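Trainee: give me a model of this one.
(chains A and B, ligands or ions: 2)
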Amino acid sequence: MSDVIKVEGLVKRYKELIALDHLDLKVKQGEIYGLLGPNGSGKTTAINCILSLLEYDKGTVTVFGKEMTPRSYDIKKDIGIVPQDLALYDSLTVYENIDFFCGLYIKDPVKRKQYVQEAIDFVAIGDFVKFKPKKLSGGLKRRLNIACGIAHKPKLIFFDEPMVAVDPQSRNKILEGIVELRNSGATVVYTSHYMEEVEQICDYVVILDKGNKIAEGTIDDLKNMIKKSEIITIEAAGVDEDTLESIREMKNIFSVNYENDLLIVEAGNGKHNVIDIINILQDKGYMMKKIFSEQPTLNDVFLELTGKNLRDE
Amino acid sequence: MFKYYLKKTLRNRGFLFWSLIFPLALMTFMKIAFGGLYDMQNSIDPMKAVIVDNGSGAFSENFISLMDQLSDKSGDNYYFDLTTYEDLDEAKASLEEKENEVLFEITDEDTINIYLMPGHSVTSSCVSKAVCDSYMRNYQFLMDAFTMDPEGARKILDNMADGISYTKEKENAFSSDPDSYSWYYYSTLVMGIFLSATSGVEIVSDLRADVSSEAMRLSVSSSNKSRMMINSFLARFIPSIVIVLIQLTVMHYAIGVSMGNEIGKLILFVISCIMFSLGFGVICGLLFKGSANTRGNKTTAVVMISVFLSGEMTSQLPGVFEKYFPIINDINPATLMNMAFYRFTVCGDDLGFYMNIGKITGLSVLFLLIGIFALRREKYASL
Ligand SMILES: Nc1ncnc2c1ncn2[C@@H]1O[C@H](COP(=O)(O)OP(=O)(O)O)[C@@H](O)[C@H]1O
Ligand SMILES: [Mg+2]
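Mentor: Ligands and ions are numbered 1, 2, ... in the order given. Okay, here's the model as predicted:
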């Protein structure tokens, strides 16, 4: 597969602050590429540099195999952007906004009409086409913001924190939409400081902190990087020491605790941990009431690498 | 895309208010305040008035001569049956006893106090206020005109030889008959035009990615920036022209302000002033910091200060500057525009008109060139 975006040694300084520190990125055709990092880690800066919107101090950026410059209109025509800050005209209606931004790319009015309608359907905002953005809820505004960025059917789409202030229902719709875009052949760069979204949809993830890439890989790769494990909790009465011992002897198990009828097992990464433990307990005829398994999250990865949480709360 | 820029302009309530409604409202207000005499001409019964003259010099002489004209039984403007009292208290007592309806006291500070009898009619208060207002305004105006432009002022004075020429409605606004109220209308028109500088700020926020996120979308698109710039400019320029035409029409037909008799100069004036205002707005939009809104508000403030200094509210100001800091009049855009209009409509001073228009046009070209250079930019050091 060819690289849609190739960034090498990208450095961006704001006076003393180094916003991007020799960043290398490679985005492959047809994947959802996640840029995960806390606020201020340089995600937006990276996108703006890739788009040649922001001057940078060092480094090279190629998009679709060609060097990206401010006047690379042949590259720009295939790029869509959903910016972090809502970019909508308050005095234009929903329809007019989409039509305006689509019109920056698509000049043919017949084709544009069709594209705008498809974008309206895509974000399911058809009931509101005559509304001004001010009258829309936060989630609908975000959806409109997305529609404006994708109406011209770009091959490469940047979503910069599209979920800020979005209600949970809209959130899932939007995420499904992004996967749909990928499935129809687009390459997606998705930034967020919410690990849940990134885990849900990204095929490949780069974790940024203070302008540095601190880890990258598929979600599983990243989770495998850390020792921190799956925590399995099973409620079962009267488990005897023999049984606990045989669980301890399973491979991939770090610790086993049993107190007040609660069995708490810390396991390393592995797909069958829960099933294996359940099998042992069933063989010995124990009744199990509740079973939980807590998988490690990207936050655990971030925590282990930086000693901080992704979000401050 | 021009269509949407135009829609944006036409749906911009702030712009419509400040450039269209506000100046028209102000003109209407002025028409009521000192144009009242036009309407009441010949339509009211004369009222009993008394003058107490504690003033001196030209101010009180002219006022008394004006009042004499207005109490001339054989004249067109017979509003008052006039008597003169020496003593203010005595005069006030005559109001209490309803011997007289209105009392004009000329003070030694060149002001006029009006006293009305208890239970006076609305008409009597309106007429007497209108008379004083128009006298005060004309008097100040004349004095200022002398300091600023003695030639032009003398022409006005000649036309005011009968002392009340300004109470006659213009039959043809494009006649060369000067109207001494014009200054206020002109400067209101100029204020409306100059306030379209906020549209210049909008052009900046349409196109600069570091000012608005909408412009960022434009910047990363494959659209031709120069064409968008032209669209954005025309979508501000054309509505401004239409708005000024509306105002000129109202001034001409409803208010009856003289606009000189040369359409060509009027058009030149309108176009160069709008270009200048937009260019000025573009420069303000580029120089000020903050959101697009903040930049617009700061620009409005600058424009209003300039308009104030040009004498929109107190026509004496430019005269004062002319005496002490002439440089202010030379660089204040609102004064330049006002004086351009005033020179060709009132004074017929061609050289002065072209000098002013030349300065305005030169500056607009400079501003717009800087604007084009700054707005074509697609890469920024900081966003
Ligand atoms: N215009 C600017 N001037 C100075 N510093 C900036 C500017 N824009 C961003 N920064 C700094 O650059 C760093 C990266 O910011 P950003 O890319 O917006 O982070 P993210 O998108 O990951 O939240 C932050 O520390 C931010 O404060
Ligand atoms: Mg960001």
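
Trainee: show me the contacts for the closest residue to chain A within the stretch 51-200 of chain B.
Mentor: As assessed by Cβ to the nearest Cβ, chain A sits closest to B:Ser199 within the stretch 51-200 of chain B, at 13.2 Å. (C-beta placed from N, C-alpha, C; glycine too.) B:Ser199 makes contacts with B:Thr9, B:Phe15, B:Ser19, B:Arg236, B:Ser240, B:Ser277, B:Leu278, B:Gly281, as judged by Cβ atoms under 8 Å, 6 or more residues apart in numbering or on different chains.

Trainee: ok, B:Tyr186 touching B:Phe341?
Mentor: Yes. B:Tyr186 is within contact range of B:Phe341, at 4.6 Å (criterion: Cβ atoms under 8 Å).

Trainee: and B:Val102, how far from ligand 1?
Mentor: 66 Å (Cβ to the nearest ligand atom, to the nearest Å).

Trainee: what are the contacting residues of stretch B:295-314?
Mentor: Residues outside stretch B:295-314 that contact it (Cβ under 8 Å, 6+ apart): B:14, B:18, B:144, B:183-184, B:187-188, B:190-191, B:194-195, B:197-198, B:200-202, B:204-205, B:211, B:280-281, B:284-285, B:288-290, B:317-319, B:321, B:328, B:332-335, B:337-338.

Trainee: so which bits of it are buried?
Mentor: B:295-300, B:302-304, B:306-312 (16 or more other Cβ atoms under 10 Å in any protein chain shown).

Trainee: show me which of the residues you listed is closest to ligand 1.
Mentor: B:Arg295 (16.5 Å; Cβ to the nearest ligand atom).

Trainee: in space, what's closest to the closest one - neighbours in sequence excluded?
Mentor: B:Phe288 (4.3 Å; Cβ to Cβ, 6 or more residues apart in numbering or on different chains).

Trainee: wait, doesn't that neighbour sit right on B:Val211?
Mentor: No. Using Cβ under 8 Å, B:Phe288 is not in contact with B:Val211, being 9.6 Å away.

Trainee: which of those two has more neighbours?
Mentor: Shown here are B:Phe288 and B:Val211; by other Cβ atoms under 10 Å in any protein chain shown, B:Val211 has more neighbours (22 against 18).

Trainee: quick revisit: between B:Tyr186 and B:Phe341, which one's more packed in?
Mentor: Taking other Cβ under 10 Å, B:Tyr186 and B:Phe341 do not tie; B:Phe341 has more neighbours (28 against 25).

Trainee: isn't the more buried one up against B:Leu268?
Mentor: No. Judged on Cβ under 8 Å, B:Phe341 makes no contact with B:Leu268 at a distance of 11.0 Å.

Trainee: which of the contacts of B:Ser199 count as buried?
Mentor: Neighbour-count burial (16+ other Cβ under 10 Å) applied to the contacts of B:Ser199 gives B:Thr9, B:Phe15, B:Ser19, B:Arg236, B:Ser240, B:Ser277, B:Leu278, B:Gly281.

Trainee: work out for me the element the residue in the stretch 201-313 of chain A positioned nearest to ligand 2 sits within.
Mentor: Closest residue of the stretch 201-313 of chain A to ligand 2, Cβ to the ion: A:Leu208 (10.4 Å). Applying DSSP states H and E as the criterion places A:Leu208 in strand A:204-209.

Trainee: and that strand, what does it pack onto?
Mentor: The elements that strand A:204-209 packs onto, with contact taken as 3 or more Cβ pairs under 8 Å, 6 or more residues apart in numbering or on different chains; DSSP states H and E, are strand A:17-28, strand A:32-36, strand A:212-217, helix A:219-224, helix A:298-306.

Trainee: pairing partners for the longest one, with directions?
Mentor: Okay, so that is strand A:17-28. Looking at strand A:17-28 with DSSP bridges, its partner strands are strand A:3-14 (antiparallel).

Trainee: what about the partner strand, distance to the chain center?
Mentor: Chain-centre distance of strand A:3-14: 19 Å, with Cα atoms, centre = their mean, to the nearest Å.

Trainee: for the residue lying closest to B:Ile271 once chain neighbours are set aside, helix, strand, or coil?
Mentor: Excluding the flanking residues, the one nearest B:Ile271 by Cβ to Cβ, 6+ apart is B:Ile241, at 7.4 Å. Look at B:Ile241: counting by DSSP: H, G, I helix; E, B strand; the rest coil, its state is helix.

Trainee: burial measure for B:Ile241, as a count.
Mentor: 15.

Trainee: list the contacts of it.
Mentor: Here B:Ile241 is in contact with B:Val270, B:Ile271, B:Ile274 (Cβ under 8 Å, 6+ apart).

Trainee: quick one: which of the residues you listed sit in helices?
Mentor: B:Val270, B:Ile271, B:Ile274 (DSSP state H).

Trainee: among the residues you listed, who's most crowded?
Mentor: These, ranked by neighbours (other Cβ under 10 Å): first place B:Ile274, 23 neighbours.

Trainee: B:Ser196 is in contact with that one, correct?
Mentor: Yes. Using Cβ under 8 Å, B:Ile274 is in contact with B:Ser196, at 6.4 Å.
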